[in-house]
Structure formats: C-alpha cells, structure tokens
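Asker: how does the following fold in three dimensions:
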Amino acid sequence: MSGETNEFPPLLGCLSQEGCLPNCFPKAVCSPCITLGATETLIVGEEFHSSCLCNKALGLGSEGLKTCLCFCPCGMWGTPSGGGPSPASLLMIPIHIKGISQRRKVCEKYNIPEATGFSLAKQIFCYSCAMFQVYAFLKKKKAESAQANSVSENPSNSTEITTSPPTPQQV
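Answerer: Numbering: from 1, shown residues only. Model (predicted):
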C-alpha cells in the first residue's frame, strides 16, 4: 500500500463526509439493516443485485440483501423512537454485534488501527455514525479501485504530456 494511511474519520466526523445525507441520516439511524446490507455487499465485493430496482437503489447485492433481511426485524422494532431506553432496545444487540464484526473485518483488511474498546463504545453509543463510517470508507475504496482500473485499462485517459516534433514553420 505505497505509504497510504487508512483511517476512519474522528468521532462525529461522519457529519462532514460526502453522502452523510441520506446514508447516515436517515438511512443508518432509521433503517440500520439497509446500511449493514450495503456494507456487506461492499465487504464481499459483489455487484448490486440488478434484478430488483430497490436493491440497486439501496446498493445491495445478494449477500447484502440476505444481511438486510436478516437484521430487518431488529432494526424495525429495536430502533430508538426518542422515548429513551426500552426493552425493545435489546433487539439492537444483534445489529451492534454485526456492525462491530464488519468494522473489525475492514480494520484488519486495510490495516486501520483502532482500539477495540473505542470501536465498541462508538458502535453502541453512536451506531449510525459507526456504521456509516465503515460504509463510506468501503465506498471510497471501491471508487478508487474502479478509477485505477479504468486508467490501467484505457491509458489514453491518463494525463501524460506528449510532445510532437517541431513543424518546419516552427524551426
């Protein structure tokens, strides 16, 4: 990785990132299962599920769709409704565990240093921000990879300066 440093933005740094609206709020806040699914799609490197417009719009591949559907009941009934902690909040525990698991996979793959305790605290107290950070990081990496592949496949798009021999009138 040619001297490149990988890191997540600081706490609440998600607010200044591109795509914060609508990917962090309202999607990760109100429907964390969609963010988990879209992140899973990026982790496994699959293409969007093209047979369904909804999946393509949400950025879900086959594995991402499975993840989304698996965690959907937890997100629907466990998402805080503004009334403070409730027994329904316990349904968020599987979402926190999956979010921490995804974050750990990404940290290991891209050598991102992060304390486990801090990662756990961030996931529990600001789950939408923590999930969005992982999603945005992977989306950025995918875009960089696609750009690098397009330049290597089509070198005529590169910004190489060429000089032509002088014409007789220039001499």
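Asker: contacts for stretch 64-78, please.
Answerer: 31-34, 36-42, 44, 46, 49, 55, 58, 60, 88-95, 98 (Cβ atoms under 8 Å, 6 or more residues apart in numbering). Just so you know, the C-beta spots here come from the backbone N, C-alpha and C atoms, and that holds for glycine as well.
Asker: and that stretch, what's its mean pLDDT?
Answerer: Stretch 64-78 shows an average pLDDT of 83 in the prediction.
Asker: rewinding a little: list only buried entries from the contacts of stretch 64-78.
Answerer: 31-34, 36-42, 49, 55, 58, 60, 91-92, 94-95, 98 (16 or more other Cβ atoms under 10 Å).
Asker: give me the subset of these that lies in strands.
Answerer: Counting by DSSP state E, none of the members of these fall within strands.
Asker: inside helices: which ones of these?
Answerer: Cross-referencing those against helices under DSSP state H gives 32-34, 36-42, 55, 58, 94-95, 98.
Asker: how far does stretch 41-48 sit from the chain's center?
Answerer: 10 Å (Cα atoms, centre = their mean, to the nearest Å).
Asker: now stretch 27-46
Answerer: 7 Å.
Asker: now do stretch 98-116
Answerer: 12 Å.
Asker: so what touches it?
Answerer: By Cβ under 8 Å, 6+ apart, stretch 98-116 touches 1, 6-8, 32, 36, 39-40, 43, 67, 71, 119-120, 123, 127, 130-131, 134, 137-138, 141.
Asker: select from these every entry located in strands.
Answerer: Among the contacts of stretch 98-116, no residue falls in strands (DSSP E).
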